[in-house]
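1. predicted model and sequence below, questions to follow.
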Amino acid sequence: MKAFLILEDGHVFEGKSVGSAKEIISEIVFNTSMTGYLEVLTDPSYAGQSVCMTYPLIGNYGICFEDMEADRPWNMGFIVREIAKTPSNFRSVESIGKFLTDNDITGIERIDTRALTKILREKGTMRGMITTNENYDLEECLSRIRAWQMGHVVLDVTSKEKTVYPGDGYKVAVIDLGVKKHIVKSLQERGCQVTVYPAETDAEEILADEPDGIMLTNGPGDPKDNVKTIAEIRKLFATDIPIFAICLGHQLLALASGADTVKMKYGHRGANHPVRDLKTGKCYISTQNHGYVVKEDTVDRDIAEVSFVNVNDGTVEGLHYLGKNVQTVQFHPEACAGPLDTDYLFDQFMNMMEVSK
Amino acid sequence: MPKNPNIKKVVVIGSGPIVIGQAAEFDYAGTQACRSLKEEGICVVLINSNPATIMTDKDIADKVYIEPLTPDVVRAVIEKEKPDSVLPTLGGQAALNIAMELEETGFLQKHNVRLIGTSAKTIKKAEDRLEFKKTMEKINEPCAPSEVVTNIKDGLAFVQKIGYPVVLRPAYTLGGSGGGIANNEDEFVEILMNGLRLSRVGQVLVERCIAGWKEIEYEVMRDANGTCITVCNMENMDPVGVHTGDSIVVAPSQTLADKEHQMLRSAALNIISELDIRGGCNVQFALHPSTFEYCVIEVNPRVSRSSALASKATGYPIAKVAAKIALGYNLDEIKNAITKKTYASFEPALDYVVVKIPRLPFDKFIKASRKLTTQMKATGEVMSICTNFEGALMKALRSLEQHVDSLIYENLSQQEDEVIKKELYRVDDRRIFVIAEAIRREVPLSVIHDITKIDLWFLDKLANIVKEEQILREAKELTKEILFEAKRLEFPDSVIGGLTGKSEQEIKELRYGYGIHAVYKMVDTCAAEFEASTPYYYSCYDGESEVEPDNSKKKIMVLGSGPIRIGQGIEFDYCSVHSTWALKAHGYETIIVNNNPETVSTDFDIADKLYFEPLTAEDVESIVNLEKPDGAVVQFGGQTAIKLTEALLKMGVPILGTSAENVDAAEDRELFDEILEKCCIPRPAGKTVFSREEALEAANELGYPVLVRPSYVLGGQGMQIAISDKDIIEFMDVINRHVQEHPILVDKYLMGKEIEVDAVCDGEDIIIPGIMEHVERAGIHSGDSISVYPAQSLSKKIKRVIEDYTKKLAMNLHVIGLINIQFIVYNEEVYVIEVNPRSSRTVPYISKVTGIPIVDLASRVIIGEKLKDMGYTPGLQPESEYYAIKMPVFSFEKLRGAEISLGPEMKSTGECLGISKDYNEALYKAFLGAGVQLPKHKKMILTVKDSDKLEAVEIGRRFAALGYEIYATRSTCRVLNENGVPAKKINKVEEPSQNLLDLILTHEIDLIIDTPSQGVERSKDGFIIRRHAIETGVYCLTSLDTAHALLTSLESADRHNLSLVDISEI
């Protein structure tokens, strides 16, 4: 079946339908990771988005369920050059085509993903539609695309209730803004007792559980939509409890402490982004997935200092809050998909909790 | 950290002659690194014995020593040049070994010279099997259970513990020399003995056999600050058991999930951090196909063949960045040369698939074993890029230029099913075609997987190609959809035509009618995330083109020479690159088309545009349609480029330089005879034939011996000396295995002195930089002969005749550019035996030793300049005060079963130079550079054919005078003794002990001189002797002329105080 990707600027790509044939409108972004398509598909931070994979052969090693970052895929649409029909890997359970169909995820293949990437790079992230309707009316589609808004997607992805994962180590409160399984897993591997709270849980309720540390997670959408969560984070920040924040969590804490965020032209999505630790000068390759960034000139130097920057574009990749046991990063130390180079930050979080005890 | 200001003068050690396992990739890496050092204002002192390289040009380094790569010579250079640093990681294993020796003996410290880049400690940790194992254990990186053994007894004891099969790997050898897999005690003892001898330190690693596991490589970089990145990972299609250099390799890995990939990537970074690597490093892993278990196979703390491949596959210039790191820079201080926006501290993202296929030399060594093992056999490789794996594989297959443009191979389709199934077990260069045939016979992929252990993902892709063949075969009508899919999978028009019963031309017209054209995408290191302006392109069919032809300048397309193979080596890359530079300097836009990842020409900043594409007419035409070049240069790219002449003319692209008709005239026997007659130049009598019968008739009319060869070939492919009808029958059958478009030449064979000349002609004048003379008489391929410049034994008169003939031939063939002529001087008469109106193997050598940049001159002539205006006096140039001797270098020990005796078909893989004001010293240096370091035990074996017996007396006498103990077979011994030369009789091979073989195996023999009789009737004995000699590391000569030269070099050179010649001052 034919499928069409229509961008809000009027570009149309014709390809083949894979997975669901359901018509969708979403934000269109690209990801440059060469492996880890399942992790990308199931990362809640992609809620409201369709992801174009720049690597052309997707699905080669099939679907290994244990690699999922959430219980279901969160991408609205999946855009690739070629979907593997016959996957091969000892852990593979099924093909990606079946996975997309079973989960009702709209996909399109056999399009020039490089040409699409270049459009997004030059014009910035856009909205778009994937449809299998061959008789679509372009103008009508464009007006629907332009009318579409992502909305406050954190509320779609966050857990509905508090969940406790047992452990005999530190008690960590995880504020679920769209948490990836590997964040919880990274804490569990270090023995933590992890409690996951819905995004808009009152700070008082969390503090009542007497956590040793607080973890603010990744998540989708515009950080400024999270008004209530930011207010609660401000209260958490006022305590002396160590905080470690990743991605959206890093942005919300920045907003909570008075800094501002801004939408990037086309964001950072991939597993090859170099970040420099400003203390040591050492660079690490990190996984990234963000469309917004903390504006460096809005960070109050009396409150926080920049701890990591992106080597390519100099944007803020991490903040260290002065006089506090609070460390936040824009990138993903939990990896999955991507390099494990900054996994040590979880150890630092353990140290932070140790020190403050 | 910024650049270390204390580094001002750096010695770079090259890799020496091209041999199997150490090829052009080091010229690519070395050239890139030297340029990178020079742009930092560093004075670069280069040492490399290989004159065919670009890195030994005076514009690449400040001081250039084309001297033997021995520790003594490097010591002498350091004493003379007083550098502050040595960069040892660019010249492969050879350079690393020398640097280690200088470091370990305290020489470097004494002279206040530091090793930059990776330290000696690191090198030792990575290279020494024992240290490496210890280091891996320390950081919990698993290696296969293994033990380093230094003798047979310990080896047997260890293998008792772990059981067969086991893998053996000698320490400090090239391309896995002497390694192998042993399945039983006999095999084990044989391989171990050989390995112990070849290892520089007498160590062999015996380890658990992990054959059949996935073989995965990581190219990693690290700086002094500890920042690590991986440039690329690569997956071998052939599982562990086949040397990575002989494997089909794909980048990035295809069958690894992110979990496996990150596990290995982290392991690679863990390893280079522990080893404290400062620069580039290659880490090879074996990964269990159905668990997360893995082993570290090997670490190479230097640039390598794999790093060259990774550089070309990603656009990330590893050698350049490694050189900057050696100077003290950190990765995040080095700009990404492709995007010019990002830095070297990121990991390339690919949005295409890269496939590499090795080029194996079995077309030259028909009798050698084709089995692929852990001992590398390939002489070169091709790479291709496409948006899908099938397409990349198909492009790579046709880039090999082996008469196979798809997965349909010769006569496999006529074999019985049982034969095909049996063949699946054979691990050789034809396996991929056998698998395809098995798929056609509907052998289940799971069965093929069980036999070959090749991952099902790859087998499924091969099945897709086979399915497409079937669709084409059965198509009633070639619809746009069917044709598009075939092109998306990169089926060439000719193959589609063959499958659909149409001609290539019909398919092309149909395709153009449908509007199906190749489009070009950019290699940009970042999958389009950042804007890049680097003009490095590949083709595919699915998508839109990114190339915007720039028509502001005149454009010239330079066609490269494809994979390195015997007969067409690195020298043609030298010519292509120099031509490109010259054309660029004169205001042209240059476009290179080539498919060899090991070369300088495919570096992204050599030409204005690089198309990494197969060199077939169809692929070139697609580029021509887009770029519409004003002309093409074919005379620098060897036979690969010459072969495209006709096709280019049909596309309407003017051939710059010598016209196509004149190239033809040199190859077409009748046309050429007319020209010779007109110029009154004699040549040995000869005839052209097509059939075996005609050949027999011609041979008998001319009288034996005769020379038989196909026209339009390079490197004497298929050329043989026949002494009987039987030979003619055999040779003609071999030649006619492939349909010959051109006639076969049968010539009277004259055993005279062979002379070679390269010249530049502008249509009015010629420049002959010099006359080269071969040490070996005619009958041995010029590429395998020792070549001496200036010619030694020619009278003034003969030299004048040669100059005159050269000029006449160049004029009458209307040569514009380069011409290479081979003469025979026989009874003071000069005969022409071959004329090639193009660049030749000797061009780089003669350019360097005369200081005359002939490729530059030829390129300028091609675009219309005149030699007179370039400041040269036409004619034969005055002789240099230096003697320069080009010595062939062979790789016989890598090719089990290959016949080593020399003849008209070329067998050498590389060459080295000996240069000196003293002839004997030049000769000594040439032998030394080729690895002949005599005397050792002063024992030798002499066994010659009857016609050589008397000449052997003189040779025996001179060796005896040098103190050699001579062993000889019965009749040779008798002749020696009768003429007063002391010699001991030794039994022949089939006779009882102690015979020749026993003697060879005692490892006390320096040298064997064994001249085989010509023709098919070669003695089996001789073959066995020569193979044993090679496999036990005994130097073996098959020509008495070479023996004379060796004697001359041994008799008079002062071996301890070699003079050093800085080529940049010539």
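-> Alright, I've got the coordinates. Note that the structure is predicted; figures quoted are calculated from it, not measured. Numbering: from 1, shown residues only, chains lettered A, B, ... in the order given.

2. ok, the residue nearest in space to the middle of chain A - contacts?
-> Residue closest to the average C-alpha location in chain A (Cα atoms, centre = their mean): residue A:45, at 3.2 Å. Each residue near residue A:45 by Cβ atoms under 8 Å, 6 or more residues apart in numbering or on different chains is listed here: A:74, A:178, A:180, A:218-220, A:247-248, A:289-290. C-beta: built from backbone N, CA, C; applies to glycine.

3. distance check, it against chain B.
-> According to Cβ to the nearest Cβ, to the nearest Å, residue A:45 stands 16 Å off from chain B.

4. so that residue sits in a strand?
-> No - using DSSP: H, G, I helix; E, B strand; the rest coil, the assignment for residue A:45 is helix, not a strand.

5. per-residue confidence for it?
-> Note on residue A:45: pLDDT of 97.

6. where in chain B is pLDDT low?
-> B:1, B:172-177, B:200, B:712-718, B:739-740, B:1014-1019, B:1053-1054 (pLDDT under 70).

7. show me how it divides into domains.
-> What automatic domain parsing lists as the domains of chain B is B:9-116, B:120-142+B:213-348, B:145-209, B:355-516, B:520-656, B:934-1052.

8. quick check: which of these is nearest to residue B:805?
-> domain B:520-656 (20.3 Å; Cβ to Cβ).

9. got the contact list for the residue lying closest to residue A:165 once chain neighbours are set aside?
-> With sequence-adjacent residues excluded and distances taken as Cβ to Cβ, 6 or more residues apart in numbering or on different chains, residue A:165 is closest to residue A:194, at 4.3 Å. Residue A:194 is in contact with A:164-165, A:167, A:172, A:174, A:184, A:187-188, counting by Cβ under 8 Å, 6+ apart.

10. swap in residue A:84?
-> Counted by Cβ under 8 Å, 6+ apart, residue A:84 has contacts A:57-60, A:62, A:95-96, B:457.

11. among the contacts of residue A:194, the buried ones, what's the ChimeraX command?
-> Written as a ChimeraX command, the selection of buried residues from those, which uses 16 or more other Cβ atoms under 10 Å in any protein chain shown, is:
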select /A:167,172,174,184,187,188
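
12. from the contacts of residue A:194, pick the one nearest residue B:671.
-> residue A:184 (80.8 Å).

13. how many residues are close by residue 110?
-> No chain in the question, so chain A it is. When neighbours are counted by other Cβ atoms under 10 Å in any protein chain shown, residue A:110 registers 20.

14. actually, chain B is the one I wanted.
-> Residue B:110: 9 neighbours (other Cβ under 10 Å).

15. what strands line up against the strand or helix carrying the residue nearest to residue A:165, and which way round?
-> For residue A:194, the host element (DSSP states H and E) is strand A:193-198. Strands flanking strand A:193-198 in the sheet, each with its direction: strand A:163-165 (antiparallel), strand A:171-176 (parallel) (DSSP bridges).

16. turn the ones you listed into CSV, columns for mean pLDDT.
-> What follows is the strands paired with strand A:193-198, written out as CSV (pLDDT from 0 to 100):
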stretch, mean pLDDT
strand A:163-165, 97
strand A:171-176, 98
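
17. hmm, back to that, show me the contacts of residue A:84 that map onto strands.
-> Under the assignment DSSP state E, the contacts of residue A:84 contribute A:57-58 to strands.

18. residues from the stretch 101-250 of chain A in reach of chain B?
-> Residues of the stretch 101-250 of chain A lying close to chain B (Cβ under 8 Å from any Cβ of the partner chain) are A:110, A:112-115, A:117-118, A:121.

19. and which of the residues you listed is nearest to chain B?
-> Relative to chain B, the closest of these is residue A:112; by Cβ to the nearest Cβ it sits at 3.3 Å.

20. next, count neighbours for the closest one.
-> The number of residues packed near residue A:112 is 19, by other Cβ under 10 Å.

21. look up phi and psi at it.
-> phi -80, psi 90 (degrees, to the nearest 10).

22. how far is the strand or helix carrying residue A:26 from where the chain is centred?
-> Residue A:26 is part of strand A:24-31 when elements are defined by DSSP H and E. Taking Cα atoms, centre = their mean, to the nearest Å, one finds strand A:24-31 lying 13 Å from the centre of the chain it belongs to.

23. now do the same end-to-end measure for stretch A:76-93.
-> Stretch A:76-93 has an end-to-end distance of 22 Å (criterion: Cα to Cα, to the nearest Å).

24. avg pLDDT for it?
-> 97.

25. rewinding a little: so of the residues of the stretch 101-250 of chain A next to chain B, which ones are in helices?
-> Secondary structure from DSSP state H places A:113-115, A:117-118, A:121 of these in helices.

26. look at residue 355 and give its secondary structure.
-> Looking at chain A here, since you left the chain open. helix.

27. look at chain B instead
-> strand.

28. show me what contacts it?
-> B:248-250, B:383-384, B:386, B:389, B:392-393, B:395-396.

29. of these, closest to residue B:58?
-> Distances from residue B:58 to these, taken by Cβ to Cβ, are shortest for residue B:383, at 30.0 Å.

30. what's the burial count for the closest one?
-> 27.

31. distance of it from residue B:392?
-> 9 Å (Cβ to Cβ, to the nearest Å).

32. now do the shared contacts for those two.
-> With Cβ under 8 Å, 6+ apart, residue B:383 and residue B:392 have common neighbours B:354-355.

33. can you tell which of the domains of chain B is closest to residue B:835?
-> For residue B:835, the closest of those is domain B:520-656, at 13.1 Å, according to Cβ to Cβ.

34. does stretch B:387-399 reach chain A?
-> Yes - judged by Cβ under 8 Å from any Cβ, stretch B:387-399 and chain A are in contact via B:387-389.

35. burial count for residue A:240?
-> Residue A:240 has 9 nearby residues by other Cβ under 10 Å.

36. how about the contacts made by it?
-> Counting by Cβ under 8 Å, 6+ apart, residue A:240 touches A:324-325, A:356.

37. at 10 Å instead, please
-> Contact partners of residue A:240, counting by Cβ atoms under 10 Å, 6 or more residues apart in numbering or on different chains, are A:324-326, A:356.

38. cool, residue B:778 as well?
-> Contacts of residue B:778 by Cβ under 10 Å, 6+ apart are B:684, B:707, B:721, B:749-755, B:785, B:822-826, B:831, B:833, B:904.

39. just the buried ones from those residues?
-> Taking 16+ other Cβ under 10 Å as the criterion, what is buried in these is B:684, B:707, B:721, B:749-750, B:752-755, B:785, B:822-826, B:831, B:833, B:904.

40. the stretch 551-700 of chain B: helices as residue ranges?
-> B:570-585, B:617-627, B:638-642, B:645-650, B:660-667, B:669-679, B:692-702 (DSSP state H, counting those that start in this stretch).

41. in JSON lines: those, plus mean neighbour count.
-> Shown next, in JSON lines, are the helices of the stretch 551-700 of chain B (neighbours: other Cβ atoms under 10 Å in any protein chain shown):
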{"stretch": "helix B:570-585", "mean neighbour count": "26"}
{"stretch": "helix B:617-627", "mean neighbour count": "20"}
{"stretch": "helix B:638-642", "mean neighbour count": "25"}
{"stretch": "helix B:645-650", "mean neighbour count": "16"}
{"stretch": "helix B:660-667", "mean neighbour count": "19"}
{"stretch": "helix B:669-679", "mean neighbour count": "15"}
{"stretch": "helix B:692-702", "mean neighbour count": "18"}
